[in-house]
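Participant: Here is my input; please provide its structure:
(one chain, ligands or ions: 2)
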Amino acid sequence: MNDIAFLKELPEDVVIPLLQHKGAVCEPVVSVGDTVHAGQKIGEASGAASAPVHASVSGTVAAIEKLPHPFGTKVLSVLITLDENQKKAGSIPVADPNPSEIRQIIKDAGIVEIHGTPTCDVIENIDTIIVNASYRSTLIAGCVGICSYPYEVHDGLKYMMQAAGAKQAVIAVNKVNKEALEALAGIELEENIKVVPVKTKYTPGMEDLLVYDIMGTTKQIGGKPEDAGVGVCGVNTAYEVYDAITTGRPSMHIPVSISGAVEKPQSLLVPIGMRFKDVIEACGGYSGDVGKVVMNGLTIGIAQYTDDVPVVKQTAGIIVVDKKDVLLDETYPCIHCARCVDVCPVDLIPSRIATYSDQGRYEECRGMHVMNCVECGECAGACPSKIHILQLIWRAKVAIDRAYADTAEKQTSNLTLGCCGGA
Ligand code: SF4
Ligand code: SF4
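Facilitator: Numbers count the residues shown, from 1 in each chain. Ligands and ions are numbered 1, 2, ... in the order given. The predicted structure is shown next:
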């Protein structure tokens, strides 16, 4: 699964949520009945951590209403019925843009990292950029992208460095992703851009650890990348930056890896707003009985209550779990194989912590540094006894958080809410 495939047929309609970032929901700038072209802005960003939203297809706005979103709620969305012509909105790239023009292009293109932070915010006040290509290629399509588009990712990174005034950049590639390493070895890198093979899969919650491992800065764990002057971005966003600068196109497609119980697992470039069920149909449909549909990984992804939800800027993978595998998900006693210990990127002993948590011995969990857990889920994924290690870790962390929280502060906020709605 190391090439990105293209859709043979577009769906009949797409649902484009006006919330695909951390900030507030965008204001719609189109009305029902309007004709829109691919690349046209349909939602205006408002406030901090917000990014504009664009039509990924051309057609007619059929509705603007709250519709299911993969994060589990209903969100104001623009439903577009596709037309036959698929016209694109005119886009004129800026010739030889200066750093402030590059920043503005990235902002206007609505490019957003997988955790929802707009990329233009990620590259504010930093001097180093790390492209996180540490996921395994078969799970996250963004890393497949580095095999297919190494020049574009590299040049997108160069533009980001110019925009940020960054001195250096690193492309962190999982060492098992040989194809990506070979693809990058085949291009001439800028002197201040290095490729670093890494052994860990750094999920978005592990960016502090990624920065620590790459930069060797001891104050980083538990902090934020920007505290160390580092901005971490994804492979796909580096590609999108290149695309926005060189063609004027905004963020409107995303590579998604579709795996599990589907006829043809693959990485597919899909328009934002295409429903999961249409994406799965484009992969030949479900194979077997569907147990669960999960966005972005089995351990820390989000299980969907319907396959009617659309692909958003945070969708990197769709995994279909067969019913028999869901039913088999019962736990067995620990066999002390230590696989969970071997895979833990922060050198914890997950089996011991899980046992203590199960027994309510949270102080012992704390003593075993449970709070350093980055919740990657690797231990649970490796456990042959299918022990719910991550859930037990969460339970311990919540209990410790509660026990050590500033109770005075907590009371104040509860009182502010009050039993009468904060009056
Ligand atoms: S989830 Fe498991 S493997 Fe990942 S950091 Fe926590 S204890 Fe370690
Ligand atoms: S991987 Fe599972 S069975 Fe093996 S030591 Fe860890 S908790 Fe026990």
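
Participant: Please tell me how far the spatially most central residue of the chain sits from residue 362.
Facilitator: For the chain, the residue nearest the mean C-alpha position is residue 114 (2.6 Å; CA atoms, centre = their mean). For residue 114, the distance to residue 362 (CB to CB, to the nearest Å) stands at 31 Å. Backbone N, C-alpha and C define where each C-beta goes, glycine included.

Participant: Which residue ranges of the stretch 1-150 of the chain form helices?
Facilitator: 99-108, 119-122, 141-148, 150-164 (DSSP state H, counting those that start in this stretch).

Participant: Among these, which one carries the weakest average confidence?
Facilitator: The weakest mean pLDDT among the helices of the stretch 1-150 of the chain belongs to helix 141-148, with a mean of 69.

Participant: re the thing from before, tell me which of the helices of the stretch 1-150 of the chain sits most buried.
Facilitator: Each of those was scored by mean neighbour count; the highest is helix 141-148, a mean of 27, by mean count of other CB atoms under 10 Å.

Participant: mind listing the strands for the stretch 301-423 of the chain?
Facilitator: Ranges of strands within the stretch 301-423 of the chain are 302-303, 317-322, based on DSSP state E, counting those that start in this stretch.

Participant: Quick one: closest of those to ligand 2.
Facilitator: strand 317-322 (19.8 Å; CB to the nearest ligand atom).

Participant: which helices and strands sit right next to the closest one?
Facilitator: strand 253-260, helix 276-282, strand 290-295 (3 or more CB pairs under 8 Å, 6 or more residues apart in numbering; DSSP states H and E).

Participant: ok, and what's touching the shortest one?
Facilitator: In this case it means strand 290-295. Contact with strand 290-295 is made by 70, 261, 276, 280, 301-304, 307, 309, 314-315, 317-327, as judged by CB atoms under 8 Å, 6 or more residues apart in numbering.

Participant: 7 Å instead, please
Facilitator: For strand 290-295, the surrounding residues in contact (CB atoms under 7 Å, 6 or more residues apart in numbering) are 70, 261, 276, 301-304, 307, 315, 317-323, 325-326.

Participant: Residue 59 reaches residue 82, doesn't it?
Facilitator: Yes: with contact defined as CB atoms under 7 Å, residue 59 and residue 82 form a contacting pair (4.3 Å).

Participant: more crowded one of those two?
Facilitator: Ranked by neighbour count (other CB atoms under 10 Å), residue 59 and residue 82 place residue 59 first, with 24 against 18.

Participant: dump the residue contacts of the more buried one.
Facilitator: 36, 80, 81, 82, 83.

Participant: Specify the beta-bridge partners of it.
Facilitator: residue 36, residue 82 (DSSP bridges).

Participant: likewise residue 271?
Facilitator: residue 253.

Participant: Could you check how many residues crowd around it?
Facilitator: 23.

Participant: Tell me how far it lies from residue 225.
Facilitator: Remark: distance between residue 271 and residue 225 (CB to CB) = 30 Å.

Participant: again with residue 151
Facilitator: Residue 151 is 26 Å from residue 225, by CB to CB.

Participant: List just the one of the helices of the stretch 1-150 of the chain that sits closest to residue 181.
Facilitator: helix 141-148 (9.1 Å; CB to CB).

Participant: From ligand 1, how far off is the closest residue to residue 45 other than its chain neighbours?
Facilitator: Excluding its sequence neighbours, the residue lying closest to residue 45 (CB to CB, 6 or more residues apart in numbering) is residue 52, at 4.7 Å. Counting by CB to the nearest ligand atom, to the nearest Å, the separation of residue 52 from ligand 1 is 35 Å.

Participant: quick one on the thing from earlier: make TSV out of the strands of the stretch 301-423 of the chain and add mean neighbour count, mean pLDDT and distance to residue 9.
Facilitator: Shown next, in TSV, are the strands of the stretch 301-423 of the chain (neighbours: other CB atoms under 10 Å; pLDDT from 0 to 100; distance: least, CB to CB, whole Å):
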stretch	mean neighbour count	mean pLDDT	distance to residue 9
strand 302-303	15	84	27
strand 317-322	22	90	18
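
Participant: Switch those over to TSV; also include distance to ligand 1.
Facilitator: TSV is the format used below for the strands of the stretch 301-423 of the chain (distance: least, CB to the nearest ligand atom, whole Å):
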stretch	distance to ligand 1
strand 302-303	17
strand 317-322	18
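
Participant: Figure out which of those is closest to residue 217.
Facilitator: strand 317-322 (30.3 Å).

Participant: In this structure residue 304 contacts residue 69, no?
Facilitator: No: using CB under 7 Å, residue 304 makes no contact with residue 69, being 10.0 Å away.

Participant: Check the helices and strands packed on strand 317-322 for me and report the most buried one.
Facilitator: Burial of those is given as mean neighbour count (mean count of other CB under 10 Å); strand 253-260 ranks first at a mean of 23.

Participant: Give me every residue in this protein lying close to ligand 2.
Facilitator: Counting by CB under 6 Å from any ligand atom, the chain comes close to ligand 2 at 334-340, 351, 382-385, 387, 389.

Participant: residues contacting the nearest residue to residue 244 once chain neighbours are set aside?
Facilitator: Spatial nearest neighbour of residue 244, excluding adjacent residues (CB to CB, 6+ apart): residue 109 at 3.8 Å. By CB under 7 Å, 6+ apart, residue 109 lies in contact with 240, 244, 250, 251.

Participant: mind redoing it with 6 Å?
Facilitator: 244, 250, 251 (CB atoms under 6 Å, 6 or more residues apart in numbering).

Participant: Next, the first one: secondary structure please.
Facilitator: With DSSP: H, G, I helix; E, B strand; the rest coil as the basis, the three-state label of residue 244 is helix.

Participant: can you tell if stretch 365-382 touches ligand 1?
Facilitator: Yes: using CB under 6 Å from any ligand atom, stretch 365-382 comes into contact with ligand 1 via 373, 374, 375, 376, 377, 378, 379.

Participant: if you average pLDDT over that stretch, what comes out?
Facilitator: 88.

Participant: so how far is the first residue of it from its last?
Facilitator: One end of stretch 365-382 sits 20 Å from the other (CA to CA, to the nearest Å).

Participant: Buried ones in that stretch, by neighbour count?
Facilitator: 365-366, 368, 370, 373-374, 376-382 (16 or more other CB atoms under 10 Å).

Participant: Nearest residue to residue 187 in space, ignoring adjacent ones along the chain?
Facilitator: residue 150 is the one closest to residue 187 (CB to CB, 6+ apart), at 5.2 Å.

Participant: Against ligand 2, how distant is that neighbour?
Facilitator: 36 Å.

Participant: any low-confidence regions in this protein?
Facilitator: For the chain, residues meeting the criterion pLDDT under 70 lie at 1-2, 136-144, 218-222, 298-300, 327-329, 405-423.
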